[in-house]
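Undergrad: predicted model and sequence below, questions to follow.
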Number of protein chains: 2
Amino acid sequence: MKTTAIAHANIALVKYWGKRDAALNLPATGSISLTLKELFTKTTVEFSDDPAQDELTLNGERANPKDEQRAGKFLNLIRAQAGTGQFARITSENNFPTGAGLASSASGFAALALAAAHAAGLNLSPARLSELARRGSGSAARSIFGGFVEMKPGVLPDGSDAVAVQLHDETFWPLEMLILITSAAEKEIGSTTGMNRSAETSPYYPAWVASSVADLEAMRDAISRKDFQQLGEIAEFSCFKMHGLALSARPAILYWNSLTVELIHAVRGLRQKGIPAYVTIDAGPQIKVICLPEYSEQIRAALEQISGIRQIIKTSPGPGARLVED
Amino acid sequence: MKTTAIAHANIALVKYWGKRDAALNLPATGSISLTLKELFTKTTVEFSDDPAQDELTLNGERANPKDEQRAGKFLNLIRAQAGTGQFARITSENNFPTGAGLASSASGFAALALAAAHAAGLNLSPARLSELARRGSGSAARSIFGGFVEMKPGVLPDGSDAVAVQLHDETFWPLEMLILITSAAEKEIGSTTGMNRSAETSPYYPAWVASSVADLEAMRDAISRKDFQQLGEIAEFSCFKMHGLALSARPAILYWNSLTVELIHAVRGLRQKGIPAYVTIDAGPQIKVICLPEYSEQIRAALEQISGIRQIIKTSPGPGARLVED
């Protein structure tokens, strides 16, 4: 059965960094994210007797062997559950430009999990879909849900409790986010490598893990009360703690470029002028500015004065993963 | 008795960040530094019945009241030891440009401690001079000595064991350091404020303090064996841990500007090409590149291609504080 699903990207407001189990891809800490309406992946999966191996077409082109193998390995989990040995044809498209420096693994593996599970005849609950998506990419577990989403690190060795839950749907609080692309270059150090090096070499890692519990609680509270200042302050605290942790690894991991730093200072400057805006930064040089809708155009106008920004994408809370007509 | 002393600036290879006692200015961690030949302060002190208060002339101009009061408060320590009530005329000159973004407090308070103690008739040992200089500025305790210097955090409540010692004199290992001035702007957050905020708000602070012990040991070992790679790796580890700690404070402290980050990447790029060079960064945006003499001109030539650098100063190991003819 040929099945198509859409899943949206998400940005963590309280960051995920570090794994408690590498094989099952279990996070060491929880995280809270916002699913993004404007950025999504659409994926079609069909299992059949025909292909001699899994075939992945990504944005209209046959994927490289590494990506194809990663997808195939992920489909093995579904084949095992569904009791099938068939290979699949996968076609996947991101509506956001590839090479724009935006991670597509969250939306990609969430869409693949839903489409492939359905195509294989599995009827999985959102929690089980989230658990499945996590095996592809930690952040993909969150993209199963819309709006404000919390990923639970869980405690069980099998990872069945390491799943995301929705805190509030996408209509709850119409925040906006400006994504400022500072570089399209591929990052030198991927997330998994960065997480592992941080865990293995940074003296700050235990404190990072321990201190995340309070951040999650404060963020849940900020969202439920729609307290923008608290949301922004906790988001920056979590973001800079994550980058401070990466910096303290040996050797240091520095995901930022010069424009990243210029934009951090620019957003701080806006705040000093009374414009509420906060940054968050993932494992790369792009800046995401969290703002209220009534300020987003003013913030965009101020920041686009800074030379070197390749693209600014405005986003807002979006829905969870869903099946669609082909 | 009118007395003149010279003391040199120093750069920490293992960073000092955090106080165990604010009133006595006792450090929470040890530190290891290199005293710098090319950067120094020359200070003349004369106690007399004449002035109605301490008068400080800094680089040819009467100092602002805040700096004058800080100097006066420091002289109170000497007056108490010497049993005098006389005020002093102080003239102090830095041979490096003020506003070049280089801290002058280390060389300044070391020169002031030596000149004023001698002018007041005190005959202090280097250890007691170091203890005295520390009361003016933590890093000044190290500038009493030449070459490679270790500051001990001490354990005594009175701080008498929180003094610097010389590890090796300035002739031991002719390293070089390039100081790249990226901005002459005064930093937004001074060291003391930054240290206090880090200690009070960062979950990483205990690990910063605890992990410094191993860094000091590894740095002592690297210097004694003249192992440049180990020296550089430990220096960067300590530096990035310090800045990672500052980033993890709430709100985050970011001492870097865009050029700082560009230069960090540039030095890493040089290393990937086989040119041994390591960065260290203090509580500001300037970059110091640690290198071997045979590579320094090549490194300078590569880095001065990067636009925006205001000045490059080449330095080498220098002597400790000393009395000189006026």
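TA: Looks like it arrived, so ask away.
Undergrad: what about residue A:173, how many residues nearby?
TA: 17 (other CB atoms under 10 Å in any protein chain shown). Every C-beta, even on glycine, is put in place using the N, C-alpha and C of the backbone.
Undergrad: try residue A:210
TA: 11.
Undergrad: which parts of the stretch 1-150 of chain A are strands?
TA: For the stretch 1-150 of chain A, the strands defined by DSSP state E, counting those that start in this stretch occupy A:3-14, A:19-21, A:26-27, A:31-48, A:55-58, A:61-62, A:87-94, A:148-151.
Undergrad: most neighbours per residue, which of these?
TA: Counting by mean count of other CB atoms under 10 Å in any protein chain shown, strand A:3-14 has the highest mean neighbour count of these, with a mean of 27.
Undergrad: closest point of the stretch 51-200 of chain A to chain B, which residue?
TA: Per CB to the nearest CB, residue A:188 is where the stretch 51-200 of chain A lies closest to chain B, at 9.4 Å.
Undergrad: tell me the secondary structure for that residue?
TA: With DSSP: H, G, I helix; E, B strand; the rest coil as the basis, residue A:188 sits in coil.
Undergrad: got it, and residue A:323?
TA: strand.
Undergrad: doesn't residue A:5 make contact with it?
TA: Yes: here residue A:323 reaches residue A:5: they are 5.3 Å apart, a contact under CB atoms under 8 Å.
Undergrad: mutual contacts of these two, please.
TA: Common neighbours of residue A:323 and residue A:5, using CB atoms under 8 Å, 6 or more residues apart in numbering or on different chains, are A:114-115, A:118.
Undergrad: among those residues, which lie within helices?
TA: A:114-115, A:118 (DSSP state H).
Undergrad: mind pulling up the pLDDT for residue A:96?
TA: Residue A:96 carries a pLDDT score of 86 in this model.
Undergrad: between the ones in helices among the shared contacts of residue A:323 and residue A:5, which is nearest residue A:300?
TA: Residue A:300 lies nearest to residue A:114 out of those, by CB to CB, at 32.8 Å.
Undergrad: the closest one against residue A:8, yeah?
TA: No: here residue A:114 lies out of contact with residue A:8, judged by CB under 8 Å, at a distance of 11.7 Å.
Undergrad: who touches both of these two?
TA: Both residue A:114 and residue A:8 are in contact with residue A:321, where contact means CB under 8 Å, 6+ apart.
Undergrad: for chain A, which segments count as helices?
TA: A:65-82, A:105-119, A:126-136, A:191-201, A:205-225, A:228-247, A:258-272, A:293-303.
Undergrad: which one of those is the most hemmed in?
TA: helix A:105-119 comes out most buried of the helices of chain A by mean count of other CB under 10 Å, with a mean of 29.
Undergrad: what angle sits between that one and helix A:191-201?
TA: 120 degrees (axes from the mean of the first three to the mean of the last three CA atoms, to 10 degrees).
Undergrad: tell me the average confidence for helix A:105-119?
TA: 97.
Undergrad: quick one: it to strand A:3-14, angle?
TA: Going by the same axes, to 10 degrees, helix A:105-119 makes 150 degrees with strand A:3-14.
Undergrad: would a markdown table of the strands of the stretch 1-150 of chain A with distance to chain B be doable?
TA: Listed next are the strands of the stretch 1-150 of chain A as a markdown table, based on distance: least, CB to the nearest CB, whole Å:
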| stretch | distance to chain B |
| --- | --- |
| strand A:3-14 | 14 |
| strand A:19-21 | 19 |
| strand A:26-27 | 18 |
| strand A:31-48 | 17 |
| strand A:55-58 | 30 |
| strand A:61-62 | 31 |
| strand A:87-94 | 28 |
| strand A:148-151 | 20 |
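Undergrad: can you redo those strands as JSON lines with distance to residue B:277?
TA: Output for the strands of the stretch 1-150 of chain A, formatted as JSON lines (distance: least, CB to CB, whole Å):
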{"stretch": "strand A:3-14", "distance to residue B:277": "35"}
{"stretch": "strand A:19-21", "distance to residue B:277": "33"}
{"stretch": "strand A:26-27", "distance to residue B:277": "37"}
{"stretch": "strand A:31-48", "distance to residue B:277": "37"}
{"stretch": "strand A:55-58", "distance to residue B:277": "40"}
{"stretch": "strand A:61-62", "distance to residue B:277": "41"}
{"stretch": "strand A:87-94", "distance to residue B:277": "39"}
{"stretch": "strand A:148-151", "distance to residue B:277": "41"}
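Undergrad: who in chain A is up against chain B?
TA: By CB under 8 Å from any CB of the partner chain, the residues of chain A that approach chain B are A:203-204, A:206-208, A:210-211, A:233, A:236-237, A:240-241, A:243-248, A:250-252, A:254, A:256-262, A:264-265.
Undergrad: at 6 Å instead, please
TA: A:203-204, A:207, A:211, A:237, A:240-241, A:244, A:247-248, A:250, A:252, A:256, A:258, A:261-262 (CB under 6 Å from any CB of the partner chain).
Undergrad: burial measure for the nearest residue to residue A:172 once chain neighbours are set aside, as a count.
TA: Nearest in space to residue A:172, with sequence neighbours left out and distances taken as CB to CB, 6 or more residues apart in numbering or on different chains, is residue A:147 at 5.8 Å. Applying other CB under 10 Å, we find 22 residues neighbouring residue A:147.
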